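*Asks:* what shape does this take:
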Amino acid sequence: MQGIRSGEPVRRLFLTGLVASAAVVVVGIETLSPSNALSRASLAAIGLLAGGAFIAVLRQRSLEPRDIIPLTRLERAVVVGLSVVGACTLIVALCAPPNTWDSMTYHMARVAEWYDHGTVAFYPTAIDRQLWQPPFAEYLLLVAYGALGRQDYLANLPQWMAAAGAAIAAMEIARLLGASRPAQFVAALVVATTPTVVLEASSTQNDLLAALWLSIAAYLALSEYIEPRGQIVDAVLFGAAFGLAIGTKGTALPIGLPWLAVFLVASLQAWGLGTGARQGVLVAVTVLALNAGQYTRNLESFDSPLGPTDVQRVLRPASLEPAVVVSNLVANGSIHLGTPWVGVNAAMDRAFAAAHARAGLDLQQLYPYFGGFRVVPWSADEGLAGNPLHFLLGLLGFALAVGAWGRLRREHRVMILALVASALLLAMTVRWQPFNGRLHLPLFVLGAPGVALVLARVRGRWLAAALVGLAAGALPSLLSNNCRPLIPWATVARGSVLRVPRDEQYFANRPSLYRPYSALIQQINETGCTRVGLFAEYDSWEYPLWSLGRPAGLTFVHEAAAGGTPARPQGGGPCLWIGLEPPPEWRAPSHLHLRWRDGPLSLWQ
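*Replies:* Model prediction:
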């Protein structure tokens, strides 16, 4: 590769084009939903409109010969590394079906339900996460799923594209911070080699999409701080990026608030109260316009725009006392220090417990869920993986910045303070859980430009060694994803995504369920019934029923409704009922008779 397009304006248009296209998807779905008009044709049309919006933004600037610039040796090496990561994750994203636990219970299940109903209105379900969780990531999935006629072959692509966008956003933030062009490329490599980025780039989780929107919002806020323009379009774009973030992931709100403050303060300082107030109103209107539909549905069903308050209490720290917040911050940080060695992790556990004992804190009271606090062993499971090398480099960069605080440029100080505020607000609002590492993903993307600036101080072979180390640290996640491996080494999956049948891959995390689910679908097909009722519990695997039942046109409807949900949409009553891993105390209604049972699944008529 001899050259590449000049970065600054093209990269900005690329990022804002992503925001515009995603906003078109959200507005299109929310507009058609009330009339139950979400169909294959309408979703395909929304997808085409979104693509058109992206292209229209890119065409604001035509390419010229000066846009092609030669690459240095370092930049060529980084581009090769980015290409390898991008190609491997893309292969996995296209060959593997959605198969994470959350995808089976609610990410993809809600997509299938929406398409069946023709609307995103709430419906009866025992898995209420399908209702109240922010839906924008699944809106993107719905467009791909519906346009292909209930096929999920493109379901992993939004997260893959988010990984690419996050790398470009990191490059742009690095540029704003004064990084050289090679350092901007290094920022992209830092993002691309982050284990949780690699693992999620081929999944239907939503953390990477949230990180994309937050990094774009941060970039726009820093742009307004460094190069203030005071334009209406900038406020709308920032509001859209922030609105997409909080409509994708609940944790985006505490992480994004400091960047909202940066944008508003920059506008006030540069243009005064009148323009600053106008920009603030535009941001608020844009955020609310995008999220109004989901907030209204949550308010009607759960009396809160964020969903059921009992779930929020579980997620929140025990208190906001400084010692408790510090404990939660350190506990969350420990996720990225976990090692594959039991003895090392046990030593960190003991040190953590001893520190709490000296401080008079009760670990069991602070972290009563998910088996209590422990240092999570490192793995290539996207739900549990940490980012040890990137975490340590981030801490090193922070220490160097604090030591040289008086000599830092003002934009560096703003970046650091906003990032620290994001981490503190997250620690104040989300209690430690063993799978919190992926919730931190936006912080790692936002921290990548700072890590690149630190690495830019390193010269010659030491820099090469550092970059090779980051790349090597990403290899286990890249090649042996725990449930979607290219090379099945130390994974729960039975084989490579290139060889295992697609239907079997849905069950990579629970392989023992493949046979019972397949047999259940066969039993249903033999009856000729196409609409089946579900008796499920909160964490039941619903989506495999939709994926395996697709060839026969099977659809499913929950019998048990979450509290406060409206009546079931019209669609005809079920002619069979499934006991989908119901709790032990569950008993089928007396008018139903057992037709078939295998393990946790049963079929009733």
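*Asks:* quick one: low-confidence ranges for the chain?
*Replies:* 1-8, 62-68, 560-572 (pLDDT under 70).
*Asks:* where does residue 294 land in three-state SS?
*Replies:* Under DSSP: H, G, I helix; E, B strand; the rest coil, the three-state class of residue 294 is helix.
*Asks:* grab the nearest non-local neighbour of it.
*Replies:* Using C-beta to C-beta, 6 or more residues apart in numbering and skipping residues adjacent in sequence, the residue nearest residue 294 is residue 135, 5.7 Å away. For every residue, glycine as well, the C-beta is placed using N, CA and C.
*Asks:* confirm for me that that neighbour is in contact with residue 107.
*Replies:* No - using C-beta atoms under 8 Å, residue 135 makes no contact with residue 107, being 9.9 Å away.
*Asks:* the residue nearest to residue 294: how many residues sit nearby?
*Replies:* A count of nearby residues for residue 135, using other C-beta atoms under 10 Å, gives 27.
*Asks:* same check on residue 505?
*Replies:* Quick note: residue 505 (other C-beta under 10 Å) scores 22 neighbours.
*Asks:* also the one 5 residues further on?
*Replies:* As a burial measure, the neighbour count of residue 510 was computed by other C-beta under 10 Å and equals 17.
*Asks:* quick check: the closest residue to residue 420 other than its chain neighbours vs residue 423, distance?
*Replies:* Using C-beta to C-beta, 6+ apart and skipping residues adjacent in sequence, the residue nearest residue 420 is residue 398, 7.9 Å away. As for residue 398, its distance to residue 423 is 10 Å (criterion: C-beta to C-beta, to the nearest Å).
*Asks:* more crowded one of those two?
*Replies:* Legend: neighbour count by other C-beta under 10 Å for residue 398 and residue 423, higher for residue 423 (22 against 17).
*Asks:* my guess is that one meets residue 443, correct?
*Replies:* Yes - the pair residue 423 / residue 443 is scored as a contact, 5.9 Å apart, by C-beta under 8 Å.
*Asks:* ok so, going back, list the buried residues in the host helix or strand of the residue nearest to residue 420.
*Replies:* Assigned by DSSP states H and E, residue 398 belongs to helix 388-403. Using 16 or more other C-beta atoms under 10 Å as the test for burial, helix 388-403 gives 388-391, 393-394, 397-398, 401.
*Asks:* now for the helix or strand following that helix, which elements pack on it?
*Replies:* The helix or strand immediately downstream of helix 388-403 is helix 410-429, counting by DSSP H and E. Identification of packing neighbours for helix 410-429 by 3 or more C-beta pairs under 8 Å, 6 or more residues apart in numbering; DSSP states H and E yields helix 207-226, helix 252-302, helix 322-334, helix 388-403, helix 441-455.
*Asks:* let me have the ones you listed in CSV, extended by distance to residue 118.
*Replies:* Output for the helices and strands packed on helix 410-429, formatted as CSV (distance: least, C-beta to C-beta, whole Å):
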stretch, distance to residue 118
helix 207-226, 24
helix 252-302, 15
helix 322-334, 41
helix 388-403, 43
helix 441-455, 33
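*Asks:* do you know which of those helices lies nearest residue 126?
*Replies:* Minimum separation from residue 126 across those (C-beta to C-beta) falls at helix 252-302, 14.3 Å.
*Asks:* which neighbouring elements make contact with that closest one?
*Replies:* Using 3+ C-beta pairs under 8 Å, 6+ apart, helix 252-302 is in contact with helix 8-32, helix 129-132, helix 207-226, helix 232-246, helix 410-429, helix 441-455.
*Asks:* closest to residue 42 out of those?
*Replies:* So among the helices and strands packed on helix 252-302, helix 8-32 is nearest, using C-beta to C-beta, at 5.6 Å.
*Asks:* buried set for the closest one?
*Replies:* 10-30, 32.
*Asks:* isn't residue 253 right up against residue 242?
*Replies:* No - using C-beta under 8 Å, residue 253 is not in contact with residue 242, being 9.0 Å away.
*Asks:* neighbour count winner among the two?
*Replies:* The neighbour count for residue 253 versus residue 242, taken as other C-beta under 10 Å, is higher for residue 242 (30 against 17).
*Asks:* show me what contacts the nearest residue to the more buried one once chain neighbours are set aside?
*Replies:* The spatial neighbour of residue 242 that comes closest, neighbours along the chain excluded (C-beta to C-beta, 6+ apart), is residue 217 at 4.7 Å. Shown in contact with residue 217 (C-beta atoms under 8 Å, 6 or more residues apart in numbering): 238, 241-242, 245, 256, 259-260, 263.
*Asks:* list the buried residues for stretch 281-298?
*Replies:* 282-283, 286-287, 289-291, 293-294, 297-298.
*Asks:* could you do stretch 99-110 as well?
*Replies:* 99-110.
*Asks:* coming back round to it: need the contact list for the residue nearest to residue 294.
*Replies:* 110, 120, 247, 294 are the contacts of residue 135 under C-beta under 8 Å, 6+ apart.
*Asks:* any idea how far it is from residue 258?
*Replies:* Counting by C-beta to C-beta, the gap from residue 135 to residue 258 is 25 Å.
*Asks:* and if you look at residue 321?
*Replies:* 22 Å.
*Asks:* what's the answer for residue 529, then?
*Replies:* Residue 529 is 54 Å from residue 258, by C-beta to C-beta.
*Asks:* got it, and residue 438?
*Replies:* If you go by C-beta to C-beta, the gap between residue 438 and residue 258 works out to 21 Å.
*Asks:* ok, these two, which is more surrounded?
*Replies:* residue 438 (27 against 21).
*Asks:* quick one: contacts for the more buried one?
*Replies:* Counting by C-beta under 8 Å, 6+ apart, the residues that residue 438 touches are 196, 200, 205, 207, 382-383, 385.
*Asks:* mind putting the residues you listed into a markdown table with neighbour count and distance to residue 481?
*Replies:* Shown next, in a markdown table, are those (neighbours: other C-beta atoms under 10 Å; distance: C-beta to C-beta, whole Å):
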| residue | neighbour count | distance to residue 481 |
| --- | --- | --- |
| 196 | 27 | 11 |
| 200 | 30 | 10 |
| 205 | 26 | 12 |
| 207 | 27 | 15 |
| 382 | 30 | 7 |
| 383 | 23 | 12 |
| 385 | 27 | 10 |
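*Asks:* now the residues you listed as a markdown table including secondary structure and distance to residue 61?
*Replies:* As requested, the contacts of residue 438 are arranged in a markdown table below (DSSP: H, G, I helix; E, B strand; the rest coil; distance: C-beta to C-beta, whole Å):
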| residue | secondary structure | distance to residue 61 |
| --- | --- | --- |
| 196 | helix | 33 |
| 200 | helix | 31 |
| 205 | coil | 33 |
| 207 | helix | 31 |
| 382 | coil | 36 |
| 383 | coil | 41 |
| 385 | coil | 38 |
